[in-house]
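**Student:** Kindly generate the corresponding structure for this input.
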Amino acid sequence: MHNLKSGYSKILFIRRDNIGDLVCTTPSIRAVREKYPDAKIGILVNTYNADTVSNNPDIDEVYIYEKAKHATDKNKLSVWRSNLKVLLKIRKEKYDVAIGCGSYSPRLARYTLLTGAKTRIGYLKKGMEKSKLYNMPLYEPEKKLHEVEKTYNLLAPLGINGEPSGLRMLPDNVEVNKVKEFLNSAGFLKENPLIAFHISSRRPENRWPAQRFIELANLISANYASNILLLWSPGSEKNVYHPGDDEKAEIIIKALNPTPAAYKTTSLRELIAALSVSSLVVCCDGGAMHIAAALGKPIVTIWGSTSPDSWAPWGTRHIILKKNRNAADISVEDAFTAVSKLLKQQ
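**Tutor:** Below you'll find the model as predicted:
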């Protein structure tokens, strides 16, 4: 393993993926900040996941680009122009090191090269020839690692080894106060546990049906003095670019008595704030689960097709409910048993 010289002062992370991937990068960012307290640390992220790190004190500058697939055809040219400006700004900063986080992809490797950084670190697939894009590559680990550990391994050329810390996330105080005011106006008692249901997940096989959430809420209400906070990805399921769960949330709201506190989060900052005031989180495998883990919340995850070895909640108490590869196979009874167990540990 080659080690970099210590004569550099600017380090850039690149994380082009979804919310959970970026959350799982925060222990690595923290480790770089601790090892090199005087370095400038930047990160290149996308519009979809940027709020995940907007309050992170370990980061000096956040560069945000937009994925062209998230734009309409009419706007793609302006998106490309805007993204070019972001890359030119990064190049002007003259970063010493750029770290392409995540599994190998040609696009990630190209982005790392385009930053203009002198030293470019990233994964290659086993058997690949040396890359012209990465000049300090590592080969992807042969054994399955958690995404936190896999990202952390990329820091070895920086002289950083050992065990990753916990995830890191700080909610926006203004948004937290808004959630608290909303809960107060709904008449929710502060002494009762607030159980957040996040009902959305990007992958269809990771989604739990609305009727199961309804039955679980009824069981909780019948057995515990608690409040349900309903959260979901905003928007209609018919939206081609950003499908949401407004319709699913409406079904749940209408079916429940007492009515849950339905908090429609139109931004990631609002979701982070809502999860931060919760006592316990019930969710599907997805970005909200990783946010809850970063906030230190106990979590019941109704699991679908992804690998728990790679994507389980990191560094917090959790129970994973998994059967086969479909979240719909998980029973309400199993979910209630898991919720009860974590409530009793409060």
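**Student:** For the stretch 51-200 of the chain, give me the ranges with low pLDDT.
**Tutor:** For the stretch 51-200 of the chain, residues meeting the criterion pLDDT under 70 lie at 69-74.
**Student:** Tell me where the stretch 201-346 of the chain has helices.
**Tutor:** Remark: helices assigned in the stretch 201-346 of the chain by DSSP state H, counting those that start in this stretch are 210-223, 246-255, 268-276, 287-294, 308-311, 332-344.
**Student:** What residues of the shortest one count as buried?
**Tutor:** By neighbour count on 16 or more other Cβ atoms under 10 Å, the buried set for helix 308-311 is Trp311. (C-beta placed from N, C-alpha, C; glycine too.)
**Student:** what packs against that helix?
**Tutor:** Using 3 or more Cβ pairs under 8 Å, 6 or more residues apart in numbering; DSSP states H and E, the elements in contact with helix 308-311 are helix 147-153.
**Student:** And the contacts of the helix it packs on?
**Tutor:** Residues from elsewhere that reach helix 147-153, judged by Cβ atoms under 8 Å, 6 or more residues apart in numbering: 20-21, 24-25, 27-28, 31, 101-102, 138, 140-141, 145, 160, 164, 167, 310-311, 314.
**Student:** Quick check: strands, which of those are part of them?
**Tutor:** Leu138 (DSSP state E).
**Student:** Can you flag which of the contacts of helix 147-153 belong to helices?
**Tutor:** Gly20, Asp21, Pro27, Ser28, Ala31, Ser310, Trp311 (DSSP state H).
**Student:** care to break the protein down by domain?
**Tutor:** Split into domains by automatic domain parsing, the chain comes to 10-158, 173-344.
**Student:** Report the buried residues of the one helix or strand Glu175 maps to.
**Tutor:** Here Glu175, judged by DSSP states H and E, is contained in helix 173-185. Residues of helix 173-185 classed as buried: Glu175, Val176, Lys178, Val179, Phe182, Leu183 (neighbour count, 16+ other Cβ under 10 Å).
**Student:** What is the subsequent helix or strand relative to it?
**Tutor:** strand 194-198.
**Student:** distance between that following strand and the chain's centre?
**Tutor:** 17 Å (Cα atoms, centre = their mean, to the nearest Å).
**Student:** Send over it as CSV, restricted to the C-alpha atoms.
**Tutor:** The C-alpha coordinates for strand 194-198 follow below in CSV (Å, rounded to 0.1, in the frame of the first residue of the first chain):
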residue,chain,number,x,y,z
LEU,A,194,-43.4,9.1,19.3
ILE,A,195,-43.2,6.3,16.9
ALA,A,196,-42.3,7.4,13.3
PHE,A,197,-43.6,5.3,10.4
HIS,A,198,-41.7,6.0,7.2
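**Student:** looking just at contacts, which helices and strands does it meet?
**Tutor:** Short answer (3+ Cβ pairs under 8 Å, 6+ apart): strand 194-198 packs on helix 210-223, strand 227-231, helix 268-276, strand 280-284, helix 287-294.
**Student:** any idea of the mean pLDDT in stretch 207-223?
**Tutor:** Averaged across stretch 207-223, pLDDT comes to 97.
**Student:** Give the buried residues for that stretch.
**Tutor:** 207-208, 210, 212-221.
**Student:** As JSON lines, those with distance to Ala328 would be great.
**Tutor:** Shown next, in JSON lines, are those (distance: Cβ to Cβ, whole Å):
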{"residue": "Arg207", "distance to Ala328": "7"}
{"residue": "Trp208", "distance to Ala328": "7"}
{"residue": "Ala210", "distance to Ala328": "11"}
{"residue": "Arg212", "distance to Ala328": "8"}
{"residue": "Phe213", "distance to Ala328": "12"}
{"residue": "Ile214", "distance to Ala328": "14"}
{"residue": "Glu215", "distance to Ala328": "13"}
{"residue": "Leu216", "distance to Ala328": "14"}
{"residue": "Ala217", "distance to Ala328": "17"}
{"residue": "Asn218", "distance to Ala328": "19"}
{"residue": "Leu219", "distance to Ala328": "18"}
{"residue": "Ile220", "distance to Ala328": "20"}
{"residue": "Ser221", "distance to Ala328": "23"}
